[in-house]
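J.: output the structure for:
(chains A and B)
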Amino acid sequence: MPTAALFVTCVADQCFPDTAMATVRVLEAAGAQVVFPAAQTCCGQPAVTAGEPDAAARLARHHLDVFAGYEAIVAPSGSCAAMVRHHYAKLLPDRRAEVDALAARTFELTQYLGDVLRVDDIGARLDGTSVTVHDACHGLRNLRLGASLRALLTKAGATIVEMTEPDTCCGFGGVFALAYPEVSTQLADTKLAHGRETSAQYLVSTDLACLMHLDGRREHEHAAGPRPIHVADLLASGLPA
Amino acid sequence: MTGHGMTGHGITTPGRDFRERGAHAVADTELQHALRNLDRRLRTAQESATAHPDWKDRAAAIRRETLRDLDGWLDRLEAKLTENGVQVHRAATPEEARRIVLDLARARNAKTVVKSKSMATEEIDLGNALEAAGIRSIETDLGEYIVQLAGERPSHMITPAIHKTLPQIRDVLAHEAGKDLPVNREALTAWTRERLRAEFLRADLGITGVNFAAADTGTLVLVTNEGNGRFCTTVPRVHIAVMPIEKVVPRLADLSVLLPLLTSHATGQPLTNYVTMLTGPRRAGELDGPDELHVVILDNRRSALLGTKYEEMLACIRCGACLNVCPVYRNVSGHAYDAVYSGPMGKVLTPLLSGGAEGTDLPYGSSLCHACSDACPVKIPLGDLIIELRADYPAASSPARRGRRAAWNAWARAWSTPRGYRLTTAAARLTRGRAPGLGAWTRTRVIPRPAREPFRDRWARERG
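T.: Numbers count the residues shown, from 1 in each chain, chains lettered A, B, ... in the order given. The predicted structure is shown next:
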């Protein structure tokens, strides 16, 4: 049985444990055995985007120590998986071989299901559910995600109604959301408006940070429109109890 | 650019920094209305980009081949230009470039200059320098003419007046005309065409940029859509072309890849209406062309980038594709950057060309979505360069950086052990996630609270 080491991400660990548990259920439904390396903390992405490569390298070194040796490392986040795949080599030049091995075995959830397990039917049923997709930036442009996510939803019986520009940034952007709140918020409003135009029930994405930004904006404005939801939560909701 | 009289000139978006100007821009309803024209450009550019996937590889390879021996290609270009009868001038700084052009203009007693759109001449602020020297300088690209009349700077390197609505443009042109003009594209263009025709015939000097300069033939290449570039290079007695050092390409044949990539990414056209190739001034027996052709080759801190992690920025061919796809640019427009170059490429180039004196906050005004990296026809990793710049600016020695760096390092030390992570996150749960500095989030968005039980504890309880 394939084993997936859950790279839970600090955001899911601390703020969205239900999504983390849903990720475990989806992985198990897809036929993987899930283990949780308890020493994990954070991949260091916030420090990279803040322009602090030394701080990021310290966390990257820890992450590498924790996850080295697992056959597959799976995160419910395209952005955190992309951090390992795209940025670690530059941060840890002294451990290049280990980093390359880790990067090649680090996957975002839908990427792992599609590319490694080659599963698009996990037994979830979402018949009658309409969804629209937000292609989160790092998953899309660093990992080329998107196809597996859509295949999983379609196989589960959900109807996908594509929004205008599903591949345009939602405006989160890590420190950007705090440093440039006006532009960040306008981008969220545009994304939510594009979601509303589809009349879908859910706005699905692979990344909790984008969803927290979009849902936070939607709640603040008491806005109508599709509910932002992580793909793991939606798929798990369709699994037999 | 600092000390060259560029800062703050021609800017319609007020604010002390990129954040304030960005906030102002998103609240400007007329600007937002004008910017929706960009959405159409985005789709055109994206369609063109997907039409040439393997061309990007070839173009990227040509540009990097050039950069590996930029000095060599420039020397070969200069030799060939000279052989063709072109007078070549080298300028290390914007001051030098301006002085060269002003000296040439004065020596020929020039009263009126017609200019075709050129970012290099924006960079050295040539139009204002000419005016200050008592020489009329007329921009002849329609969009550029509009922003010149409005006392502004281009907000987009391809479409300089894209930040203006049609009624705003009518107001600018009607003011110049001294009479009412209709809010009608054709009528406004016709009036401008008439007006500019007289300027072309009167001009003593034509000034242009250069899109590419082929080293093997000594050919200067200009792409335009309105024919004004051809006018500027053929009617006046003297033509001066200003080109930054990276405009050189090894071979004229390279243009078979680079030209269509530039035009398709800039405007969605397979080729622009006019492609002007100039190989020397008018020769004996020729009917068209200037008596003198001068080329000013501008460095302005570019050669200092060679061999550094920022070298790839010199591969840029100024197509504007990164602006068109950038979610920040599409919402704040060019003036918010308060710089000659805006959008993702401007975020990278502005701090570099000013030696860190200007625009060091620009790299932070990015959501790091990397749409720019994907859109770039010559594969410049703009998103990664923006991240690199954040590490370099503010400088390590500045108080702003030192305090921030200490805080990040303390955080990284704490979170590089499970115990430190557990202690700090437990503290955050006690304060229910309330922390100073979150107002910027909570003013417009609800913030999630830390869960009562983190996943790791739940896992240990249920599965451990």
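J.: quick one: pLDDT of B:Ala304?
T.: pLDDT, B:Ala304: 97.
J.: no, scratch that, I was asking about B:Thr2
T.: 31.
J.: ok now the strand or helix carrying B:Leu196, how far from the chain's centre?
T.: If you go by DSSP states H and E, B:Leu196 is part of helix B:185-202. Centroid separation for helix B:185-202 versus its chain: 27 Å, with CA atoms, centre = their mean, to the nearest Å.
J.: how much space is there between A:His63 and chain B?
T.: The gap separating A:His63 from chain B is 9 Å, by CB to the nearest CB, to the nearest Å. For glycine as for every other residue, the C-beta is placed from the backbone atoms N, C-alpha and C.
J.: what's the neighbour count on that residue?
T.: For A:His63, the count of nearby residues is 27 (other CB atoms under 10 Å in any protein chain shown).
J.: likewise for the one 4 residues further on?
T.: By other CB under 10 Å, the residues close to A:Phe67 number 20.
J.: the residue of the stretch 51-200 of chain B found nearest chain A: neighbour count?
T.: Across the stretch 51-200 of chain B, the shortest distance to chain A (CB to the nearest CB) belongs to B:Pro53, at 13.5 Å. B:Pro53 sits with 8 neighbouring residues when counted by other CB under 10 Å.
J.: can you show me the CA trace of the lengthiest helix in chain A as CSV?
T.: Counting by DSSP state H, the longest helix found in chain A is helix A:181-198. The C-alpha coordinates for helix A:181-198 follow below in CSV (Å, rounded to 0.1, in the frame of the first residue of the first chain):
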residue,chain,number,x,y,z
PRO,A,181,-4.8,45.5,1.9
GLU,A,182,-6.6,47.8,-0.5
VAL,A,183,-5.4,46.1,-3.7
SER,A,184,-5.6,42.7,-2.0
THR,A,185,-9.2,43.2,-1.1
GLN,A,186,-10.1,44.5,-4.5
LEU,A,187,-8.7,41.3,-6.0
ALA,A,188,-10.8,39.3,-3.6
ASP,A,189,-13.9,41.2,-4.6
THR,A,190,-13.2,40.5,-8.3
LYS,A,191,-12.7,36.8,-7.6
LEU,A,192,-15.9,36.6,-5.5
ALA,A,193,-17.8,38.5,-8.2
HIS,A,194,-16.6,36.1,-10.9
GLY,A,195,-17.7,33.2,-8.6
ARG,A,196,-21.1,34.7,-8.2
GLU,A,197,-21.6,35.0,-11.9
THR,A,198,-21.4,31.2,-12.2
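J.: about what we covered before: if I look at the residue of the stretch 51-200 of chain B closest to chain A, how far off is B:Asn184?
T.: The gap separating B:Pro53 from B:Asn184 is 40 Å, by CB to CB, to the nearest Å.
J.: picking up where we left off before, show me what the longest helix of chain A is packed up against.
T.: strand A:130-133, helix A:208-220, helix B:18-26, helix B:329-332 (3 or more CB pairs under 8 Å, 6 or more residues apart in numbering or on different chains; DSSP states H and E).
J.: tell me the most buried of those?
T.: Mean neighbour count (mean count of other CB atoms under 10 Å in any protein chain shown) peaks for helix B:329-332 among the helices and strands packed on helix A:181-198, with a mean of 26.
J.: in contact with the residue positioned nearest the centre of chain A, which residues?
T.: Centroid-nearest residue in chain A, with CA atoms, centre = their mean: A:Ser77, separated by 2.2 Å. A:Ser77 makes contacts with A:9, A:11-12, A:108, A:206-209, as judged by CB atoms under 8 Å, 6 or more residues apart in numbering or on different chains.
J.: look up the residues forming beta bridges with B:Thr276.
T.: On the basis of DSSP bridges, B:Thr276 is bridged to B:Leu222.
J.: and for it, the neighbour number?
T.: 20.
J.: so what's it up against?
T.: With CB under 8 Å, 6+ apart, B:Thr276 has these contacts: B:221-224, B:229-230, B:233.
J.: circling back: for the residue nearest to the centre of chain A, give me phi and psi.
T.: phi -160, psi 120 (degrees, to the nearest 10).
J.: tell me the confidence at it?
T.: 98.
J.: just the one 10 residues further on next, same as before
T.: For A:His87, the pLDDT comes out at 97.
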